[in-house]
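Colleague: only geometry, no sequence info:
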Ligand SMILES: Cc1cc2nc3c(=O)[nH]c(=O)nc-3n(C[C@H](O)[C@H](O)[C@H](O)COP(=O)(O)O)c2cc1C
Ligand SMILES: CCCCCCC(=O)C(=O)O
């Protein structure tokens, strides 16, 4: 049966994936409290629509750091797409470009950033790619990978800062899944020194990464910098003071520190801290158009989706990712119409209210 929503795509992906790889994608840190919270927090928020506004049919397009996106939904960076489908990030890039939205390509992709960009360029004249970076203590490598992203045409750097160490995933421990299968590698890591070229084991997630490294990135690249994973309002304020261009409010899909708050619960605190000085994006648990509109109401300019894209990819390659993105687009348009809004910018805080019990 054809999936009719993102959750049904997950069920189909689960049937098609090696169970060890399904666990890697679906799993999260320790008791997996945060990953569940991301979704359930949306359930605790109710939409209170406006009526009789005579609103036009909604236009979904938004501008993010100077780039136009056809909807307020972009692709979160996720590693290792080849575990989901042999076409890997190539398929994802084509689907995102055809949908007219932004793909944040992961540093730990199984296709090189140059090839991802070439693939996106086959289906859209002016696709937008952003590049996600784990700053490496090997600053020579960090600078080289930034140069590669620039040369490939990436238009922003998304620096993940929630990973001073790798989250403990007990599913991966149980499955003894700690490396990519033979023949698969991280194609952007060829120049990282030490160990086998392209091996994920070369990546260093270091607690020594600090604001100094962000300042250094600012010096070496003209690309806008998006900070991914700063949830504390004081860090959000520091980011603005240090010239960061946007924040992606994220708890890494619950995969790093377990028991972090759901991102949709934390968004209002971050929004209050930045006072509209930089655009906010949010990821974590977005599975429905209603979730998208709730995030817009609480201060996000756009949302990003991680696992939904992987479910589409695993279920049916490029066509599956396309279907997932189009489902979310249609649901968002429908929700906006039902709320009396003619587009993302018409969504206001008063459309959302917290409810005590689950629906
Ligand atoms: C399988 C998987 C791999 C991920 N890999 C990365 C990564 O390499 N870099 C990164 O910054 N975030 C990574 N993330 C986190 C996502 O960017 C995103 O924050 C998260 O998936 C959003 O939650 P959602 O899956 O509920 O949409 C990964 C998430 C998943 C599920
Ligand atoms: C040692 C690097 C592993 C990073 C895994 C990618 C990621 O961010 C995630 O799975 O989440």
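Modeller: In hand now; what should we look at? Computed from a predicted structure; not experimentally measured. Ligands and ions are numbered 1, 2, ... in the order given.
Colleague: Spell out which parts of this structure neighbour ligand 1.
Modeller: Within reach of ligand 1 by CB under 6 Å from any ligand atom, the chain has these residues: 25, 38, 76-79, 106, 108, 132, 160, 228, 250, 252-253, 255, 283-286, 305-307. Any C-beta I mention is one placed from the backbone N, CA and C, and that applies to glycine too.
Colleague: Just the buried residues of the longest helix along the chain, please?
Modeller: With DSSP state H applied, the helix covering the greatest number of residues in the chain is identified as helix 307-339. Buried residues in helix 307-339, defined by neighbour count with 16 or more other CB atoms under 10 Å: 307-318, 320-325, 327-329, 331-333, 335-336, 339.
Colleague: what's the answer for stretch 134-154, then?
Modeller: Neighbour-count burial for stretch 134-154, with 16+ other CB under 10 Å as criterion, is recorded at 134-136, 138, 141-142, 145-146, 148-150, 152-154.
Colleague: residues contacting the residue in the stretch 251-359 of the chain positioned nearest to ligand 1?
Modeller: Closest approach of the stretch 251-359 of the chain to ligand 1 (CB to the nearest ligand atom) occurs at residue 306, with a separation of 2.2 Å. In this structure, residue 306 makes contact with 76-78, 253, 283-284, judged by CB atoms under 8 Å, 6 or more residues apart in numbering.
Colleague: So which of the buried residues of stretch 134-154 belong to helices?
Modeller: 141-142, 145-146, 148-150.
Colleague: Just list the residues touching the residue positioned nearest the centre of the chain, thanks.
Modeller: In the chain, the C-alpha nearest the mean C-alpha coordinate belongs to residue 76, at 1.7 Å (CA atoms, centre = their mean). With contact set as CB under 8 Å, 6+ apart, residue 76 has these partners: 104, 248, 250, 253, 283, 304-306, 309.
Colleague: can you check residue 10 too?
Modeller: With the criterion set at CB under 8 Å, 6+ apart, residue 10 makes contact with 26, 307-308, 311.
Colleague: thought residue 317 was touching residue 82?
Modeller: No. In this structure, residue 317 is not within contact of residue 82 by CB atoms under 8 Å, at 11.6 Å.
Colleague: The closest residue to ligand 2 within the stretch 251-359 of the chain - how many residues pack around it?
Modeller: Scanning the stretch 251-359 of the chain for proximity to ligand 2 using CB to the nearest ligand atom identifies residue 255 as nearest, at 4.2 Å. When neighbours are counted by other CB atoms under 10 Å, residue 255 registers 21.
Colleague: With residue 225 instead?
Modeller: Using other CB under 10 Å, residue 225 has 20 neighbouring residues.
Colleague: separation between it and residue 258?
Modeller: 27 Å (CB to CB, to the nearest Å).
Colleague: May I ask which of the contacts of residue 306 has the most neighbours?
Modeller: Counting neighbours by other CB under 10 Å, residue 284 leads the contacts of residue 306 with 34 neighbours.
Colleague: Against residue 76, how distant is that one?
Modeller: Note on residue 284: its distance to residue 76, by CB to CB, is 9 Å.
Colleague: and what of residue 192?
Modeller: With distances taken as CB to CB, residue 192 is found 23 Å from residue 76.
Colleague: still on that earlier bit, tabulate the contacts of residue 76 (TSV), appending pLDDT, distance to residue 98 and secondary structure.
Modeller: Formatted as TSV, these follow (pLDDT from 0 to 100; distance: CB to CB, whole Å; DSSP: H, G, I helix; E, B strand; the rest coil):
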residue	pLDDT	distance to residue 98	secondary structure
104	99	17	strand
248	99	23	strand
250	99	25	coil
253	99	25	helix
283	99	21	strand
304	99	18	strand
305	99	16	strand
306	99	19	coil
309	99	13	helix
